[in-house]
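Student: Provided below are the primary sequence and the corresponding predicted coordinates.
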Amino acid sequence: MTHSDGRGGAAPRVGTALTGRAEATSRDIRGPARVRDAPATASSWWRRLLSLLWADPIALSALLFLAAVVFVAVAAPVLAPHDPTAQDLLRRLQPPVWAGGSWTHALGTDALGRDLLSRMIYGGRISLTIGVVVVLLAGTVGTAVGLLVGYKGGRLDDVTMRLVDLQTAFPYFLLAVTIMAVVGTGQANLIIVLAVGSWVVYARFARATMLSMRQSAFIEAARAVGCSDARIILRHSLPNLASPLVTWATLELSRVILAEAGLSFLGLGVQPPNPAWGLMVAEGHSYLSSAWWLSTLPGLVIALVALSINLFATWLRAATDPVQRSRLRVEQVKSSF
Amino acid sequence: MARLFLRRLPDSLLLIGGVLTLVFLTMFVVGDPARAMLPPETPYEEYLAFRRAMGFDDPIPVQYLRFIGGVVRGDFGQSWWERTPALPIALRPLPATLLLAVFSLAVAVSTGLPLGVLASRHPGSALDRLAILISLSGVTMPIIWLGLIMILVFAVGLRWLPTSGYGTWAHVVLPGLTLAALPMGRIAQISRVSMIDELAKQYVVTATAKGLPGRAVLFRHALRNAAIPILTVAGWELVLMLGGYTIVVETVFGWPGVGLQLFTAIEHRDMPVIAATVFVISVVIVAVNFLVDLLYGAIDPRVQYQ
């Protein structure tokens, strides 16, 4: 969105009268396509977004599902019926309640007699935390680097983008597997390795946007009134990226969760006895024919979370990006063709 | 073709060199190969002696040159586990992986492409929405989970196909279909979007106006122009399969390919084999990219290589 309309909770612009005027100019100069859709205030922007969400049952249910998963993960100590790592070898491999089990272990128990439901609840904590931390880390570093090299240009830009190209030309999962195998597993390592795989996405996007903005009048005006580079990047450029960045970050979250699940499945991610969804799928793998629920239920949660994130992100992109919105209209025209 | 090869050579060497450098850095700079090779209870003096004997305490640049020099001669050292040269061990499972990947790509293209093209004809229709949902499910499906469901339904439940192994065509079906889900989704998505773009162009209107049957417009005109992005995605998906998805799928199904080999080498902490395997995969990836470039020219005569 343009930085004139609401990004909820945006910091009030404090500055000299001159910067204020520069930004007012920039508002006028920003393309009419964006201004046309932009309502006047922040609250009406949010209200419009909410009404768009209400009109889209798929996106709404995806968001509600995600909210429920996050809530359960946050409230895990209250909600989980058992200690996720407490073993009870007398009650191992109990089936879920609908397959003849008891309500004490609603989703059954694993090979060590640990309660599957509690492990899935706590597993959400670990998997979601890793996902969110990785997205924040990679997003911050990637965006910062992208904005900086895009703004500065020159040799720094060339070298960085060469690196980024090199990294994107190679499937990162292979490298992640190799690195985790050598440096050893551990949550800090896991987060760093996943973040290294993800920062290029943001760097590329931030740089491309910065390049297109660098010559525009509002940046020139900011420079003319003597804004520092840092101020131009952070206060004048970054807000213009905010909305598409949120979409990118959402999509990346699902990718990171899937990658973490894959690594944990291979034994290179979260380590036992910690519960993480991908690890639980791996642990149940050998009991597939006798205790199918051990692998398939945590796997189902991963699948649903990834699908919901994607559905929501697709909607978010369409709802917040004016270009996409007009594209949607074009597609409706095309359908009559 | 030779010219294209020469033109791609610097980038390809840079890619392989970058990957090898990263592998070297993790193994010899971040990791401690002597510690990894010796049993944990080895006395410290013995550990130091071993380090010196193996050259692991030489300066890093010396070790790096030695490593790269070995790679150039095709020598990654002896496998720490099998005590034979590492490169042949890494090459041995390559045919199995290529078979699996090509099978999956064939499945993905032959399902994803028609799905995308059909959906593109009436954007917003029920068929289109179904196609979007199918392709999105393919893209977001965790491979580990899909593999297990496949085993559960077709091997454990219906007993139609073997759970794991290698040898007959029946063995390739389950891992092949599991591996195909994601590329199917991506190919459907990209063919839908690029076909929608093409179908809106003037030449399509012209072709329809002059009385060409719809099928000819769709396949001979629009699809041919939409082929470049579709080919790009298909090639990239093949690359992703070779450098990632196969590790998971081969582990789930016990398919004796490069991915399972890598997984086993990691379990054994067999660094030379890990390095050789990563090298083999990067060479295959470079080859795939080269093939895709060749195909660009074959599909679209506007693509010229000077």
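Tutor: Here it is on my side, so go on. Numbers count the residues shown, from 1 in each chain, chains lettered A, B, ... in the order given.
Student: now the closest residue to B:G18 other than its chain neighbours: which helix or strand?
Tutor: Nearest non-adjacent residue to B:G18, counting by C-beta to C-beta, 6 or more residues apart in numbering or on different chains: A:L166, 5.1 Å away. Backbone N, C-alpha and C define where each C-beta goes, glycine included. Assigned by DSSP states H and E, A:L166 falls within helix A:154-168.
Student: what packs against that helix?
Tutor: Applying 3 or more C-beta pairs under 8 Å, 6 or more residues apart in numbering or on different chains; DSSP states H and E, one finds that helix A:154-168 contacts helix A:116-152, helix A:187-214, helix B:2-24.
Student: now these in TSV, with mean pLDDT, distance to B:P93 and mean neighbour count?
Tutor: Shown next, in TSV, are the helices and strands packed on helix A:154-168 (pLDDT from 0 to 100; distance: least, C-beta to C-beta, whole Å; neighbours: other C-beta atoms under 10 Å in any protein chain shown):
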stretch	mean pLDDT	distance to B:P93	mean neighbour count
helix A:116-152	91	31	22
helix A:187-214	89	25	20
helix B:2-24	83	19	15
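Student: before we move on, the earlier item: burial measure for the residue nearest to B:G18, as a count.
Tutor: Counted by other C-beta atoms under 10 Å in any protein chain shown, the residues lying close to A:L166 total 17.
Student: circling back: of the helices and strands packed on helix A:154-168, which is nearest B:K210?
Tutor: For B:K210, the closest of those is helix B:2-24, at 36.5 Å, according to C-beta to C-beta.
Student: what pLDDT, on average, does the helix or strand following that closest one get?
Tutor: Beyond helix B:2-24 in the direction of the C-terminus, DSSP H and E gives the next helix or strand as helix B:33-37. Across helix B:33-37, the average pLDDT comes to 75.
Student: if we can go back for a sec, got the helices and strands packed on helix A:154-168 as a markdown table, with distance to B:I68 columns?
Tutor: What follows is these, written out as a markdown table (distance: least, C-beta to C-beta, whole Å):
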| stretch | distance to B:I68 |
| --- | --- |
| helix A:116-152 | 28 |
| helix A:187-214 | 23 |
| helix B:2-24 | 7 |
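Student: isn't the residue nearest to B:G18 up against B:S12?
Tutor: No: counting by C-beta atoms under 8 Å, B:S12 is not a contact partner of A:L166; they are 11.3 Å apart.
Student: list the contacts of stretch A:187-206.
Tutor: Identification of contacts with stretch A:187-206 by C-beta atoms under 8 Å, 6 or more residues apart in numbering or on different chains yields A:130, A:133-135, A:137-139, A:141-147, A:149-150, A:160, A:164, A:167-168, A:172-173, A:175-176, A:179-180, A:183, A:241, A:244-245, A:248-249, A:252, A:255-256, A:259-260, A:263, A:269-270.
Student: pLDDT value on the residue lying farthest from the centre of chain A, please?
Tutor: Ranking residues of chain A by C-alpha distance from their mean position (C-alpha atoms, centre = their mean) puts A:L90 at the top, at 41.0 Å. What the model reports as pLDDT for A:L90 is 73.
Student: ok, it touching A:L112?
Tutor: No: counting by C-beta under 8 Å, A:L90 stays clear of A:L112, with 11.2 Å between them.
Student: tell me which helix or strand in the chain has the weakest average pLDDT.
Tutor: Reading this off chain A. Ranked by mean pLDDT, DSSP states H and E, the weakest helix or strand in chain A is helix A:17-29, scoring a mean of 37.
Student: oops, wrong one, chain B.
Tutor: Across the helices and strands of chain B, mean confidence by mean pLDDT, DSSP H and E is lowest for helix B:33-37: a mean of 75.
Student: CA atoms of that one as PDB?
Tutor: Extracted in PDB, the C-alpha atoms of helix B:33-37 (Å, rounded to 0.1, in the frame of the first residue of the first chain):
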ATOM      1  CA  PRO B  33      36.700 -34.100  10.500                       C
ATOM      2  CA  ALA B  34      39.200 -35.700  12.900                       C
ATOM      3  CA  ARG B  35      36.700 -35.600  15.700                       C
ATOM      4  CA  ALA B  36      34.000 -37.000  13.400                       C
ATOM      5  CA  MET B  37      36.200 -39.900  12.200                       C
END
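Student: for the next helix or strand after it, which positions count as buried?
Tutor: Downstream of helix B:33-37, the first helix or strand assigned by DSSP H and E is helix B:44-54. By 16 or more other C-beta atoms under 10 Å in any protein chain shown, the buried positions in helix B:44-54 come out as B:50-51.
Student: neighbouring contacts of helix B:44-54?
Tutor: Contacts of helix B:44-54 (C-beta under 8 Å, 6+ apart): B:33-35, B:37-38, B:42, B:57.
Student: try 7 Å
Tutor: B:34, B:38, B:57 (C-beta atoms under 7 Å, 6 or more residues apart in numbering or on different chains).
Student: from the chain's centroid, how far away is it?
Tutor: Averaging C-alpha positions (C-alpha atoms, centre = their mean, to the nearest Å) puts helix B:44-54 39 Å from its chain's average.
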